[in-house]
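>>> Sequence first, predicted model second:
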Amino acid sequence: MEQGLGHQEIINLLWFAGWLLAVAVLFVLALRLPLQTRLRRWGARLYIAFVVVAAIAVAVLANFSLSFHDVHLDLTREKVFTPSARALDVVDRLQRPVKLTYFYQGQDQSARRAREIVEVMGRRNPLLQVRTIDPDRQPTLAQTAGVKVYNAALLEAEGRRILVRGTDENEIAIGIQRVLRERVVTICYIEGHNEFPVDNFEFHTHFEGSLAHSHNESDSAVVQMTGHGIGRMRRALEGLGYDVRKIALAGQGAIPDDCSVTIDAGPRTTYLPAESGALEAYLRQGGSLLLMYDLGFVLEPQLKKLMRTLGVHFQQAVIVDPQSHYSTDPEMVAVTAYERHPITKNVAFTFYPGVRPLELLPPAAGIQTFALISGSGESYIKPVAAVAQRQLAPERPSAAVQGKPQPHVFAAAIEGKLPLPDSRPFRAVLIGDGDFASNSFLPYMSNSDLALSMVRWLAREENNTPIASRIPVPSMILLTKRQMQEIFLVVEVLLPLLVIALGGFIWWRRR
């Protein structure tokens, strides 16, 4: 993405243009001023002295002024020495002063690049006060700051201090957001219903179905209850400076007041009525919920009632999208276009392995329900029996298609107040899939951007620049079925036909 110019950079460019103008004026005057004059001896000397002094003064003043207004020009094709667009956006949005001291190792090439990057960021906005220190040359300054490691950024703002280790400007930008955060944001993961374990950081764990491994509706007929982990999402949230912990509704009876956002990621067993009541009480107190209810989860009556109050009904079905899906699996819905909302404004291609649809109903008074994500116009739904029914009954053929093809909604954003006394404004995001945020799928395409954007909106930090730590993944190219078909058509059909046509044309001309 091309980097935009900040206000300070525009000023620096104007100073650079002024310097060029001064040099051009000196050049023109040098060509036009006469070397000899008709003045007498002392007059000629004074004239020459004046010209020399004036030229030196203009050159010195121009260079002195330019030294305080450096212009950054990165001529590398990959823009190696230019901060990322999101890091620059974080700096541009600064409204309070931040002091950044970067301690770098002079012999480390990556560290020297990071030093130049933070200096560019400092020139971008005067509110970011940047100083770079080589501890080998200035050990006293490092000892005074209490920093004992190389390649670390010490961030200070309003009495708060954060140490960020590394040479990645995105990590430093995240540190800027963290040091400016005035409150502790705690993310609470519900456990006790076979949710995706937050302590599992494996890259790929599976639900093993009765036939084979999959992520569609057959995935719910589990033989082994070894769920996907969601530890990668936990690490990404901790990288943003959020505190993450687990809670058990059955044991605690209520969601703690310090839970800024509460997440239930892929529960498999039904809640107790008291647990559903705890969710309602949490929303009444102004809490924020992210509920990922996959195909295998059955809602108990009190929870269904709460969902209807929010204007949502989770259908016991799976979305099949023959037009837009990942690879060759029509039940792995792919989405490239979204409704306009703060959650989706920076999200591109995402995919959802085995997702259940949401039926949007009229919500209670004072509540707004927004359709967040839906399938293509060719998508349809296929009823799926609940897990308990399929575990007791033998395998049956897939149910018939229900309804005509249309964009089926499977995620909704909700905010407002419950129609109860003393209710406070709450926020909630409901989605009929949890696999998209699991370890196996979170790093790919924009799945992580979407999951973190949901949490930011729920934490009421949607105005912050959406930036996150990089998640290492193998080099892969993921395509939808339509993209695969288009590439096949061009490479395997059109190009050979074009070669044959050119050969025929050349033969006809030469015959």
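On my side now, so go ahead.
>>> so who does the closest residue to residue 136 other than its chain neighbours touch?
In space, and not counting its chain neighbours, residue 136 is closest to residue 106: 6.2 Å by CB to CB, 6 or more residues apart in numbering. (Glycine included, C-beta is placed from N, CA and C.) The contact partners of residue 106, taken as CB atoms under 8 Å, 6 or more residues apart in numbering, are 112, 134, 136, 137.
>>> give me phi/psi at residue 127?
With angles defined as degrees, to the nearest 10, residue 127 sits at phi -70, psi -20.
>>> Pull the number of nearby residues for the closest residue to it other than its chain neighbours.
Counting by CB to CB, 6+ apart, residue 127 lies nearest to residue 94, which is 4.4 Å off, once chain neighbours are set aside. Neighbours of residue 94 under the rule other CB atoms under 10 Å: 17.
>>> my guess is residue 94 meets residue 129, correct?
No. Using CB atoms under 8 Å, residue 94 makes no contact with residue 129, being 10.5 Å away.
>>> Hmm, residue 288 and residue 261 touching each other?
Yes. Counting by CB under 8 Å, residue 288 is a contact partner of residue 261 at 4.6 Å.
>>> where do the contact lists of these two overlap?
In contact with both residue 261 and residue 288: 458, 459, using CB under 8 Å, 6+ apart.
>>> hmm, back to that, give me the buried entries from the contacts of residue 106.
Using 16 or more other CB atoms under 10 Å as the burial test, the contacts of residue 106 include 112, 134 as buried.
>>> Can I get the contacts of residue 106 in TSV including pLDDT?
TSV is the format used below for those (pLDDT from 0 to 100):
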residue	pLDDT
112	89
134	90
136	87
137	86
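>>> out of the contacts of residue 106, which are inside helices?
The helices, defined by DSSP state H, take in residue 112 from the contacts of residue 106.
>>> In three-state terms, label residue 247 for me.
strand (DSSP: H, G, I helix; E, B strand; the rest coil).
>>> ugh, wrong one, residue 463
coil.
>>> before we move on, the earlier item: in a helix, that's where the residue nearest to residue 136 is, yeah?
No. Under three-state DSSP, residue 106 falls outside any helix and is assigned coil.
>>> what's the average pLDDT for the helix or strand hosting residue 319?
Applying DSSP states H and E as the criterion places residue 319 in strand 317-320. Averaging pLDDT along strand 317-320 gives 92.
>>> elements contacting the helix or strand just after that strand?
Using DSSP H and E, the helix or strand that follows strand 317-320 towards the C-terminus is strand 332-335. Here strand 332-335 touches strand 350-353, going by 3 or more CB pairs under 8 Å, 6 or more residues apart in numbering; DSSP states H and E.
>>> Name the residues that touch the strand it packs on?
215-216, 219, 325-326, 329, 331-335, 373, 410, 433, 435-436, 441, 444-447, 449-450, 478.
>>> what separates that strand from the chain centre, distance-wise?
16 Å (CA atoms, centre = their mean, to the nearest Å).
>>> now stretch 345-353
Here the centre of stretch 345-353 is set off from its chain's centre by 11 Å, with CA atoms, centre = their mean.
>>> tell me the centre residue of the protein?
The centre of the chain sits closest to residue 449, judged by CA atoms, centre = their mean, with a distance of 3.5 Å.
>>> mind putting the contacts of residue 106 in CSV, distance to residue 489 included?
CSV is the format used below for the contacts of residue 106 (distance: CB to CB, whole Å):
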residue, distance to residue 489
112, 48
134, 57
136, 59
137, 61
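>>> for the contacts of residue 106, which one is nearest residue 159?
residue 134 (27.1 Å; CB to CB).
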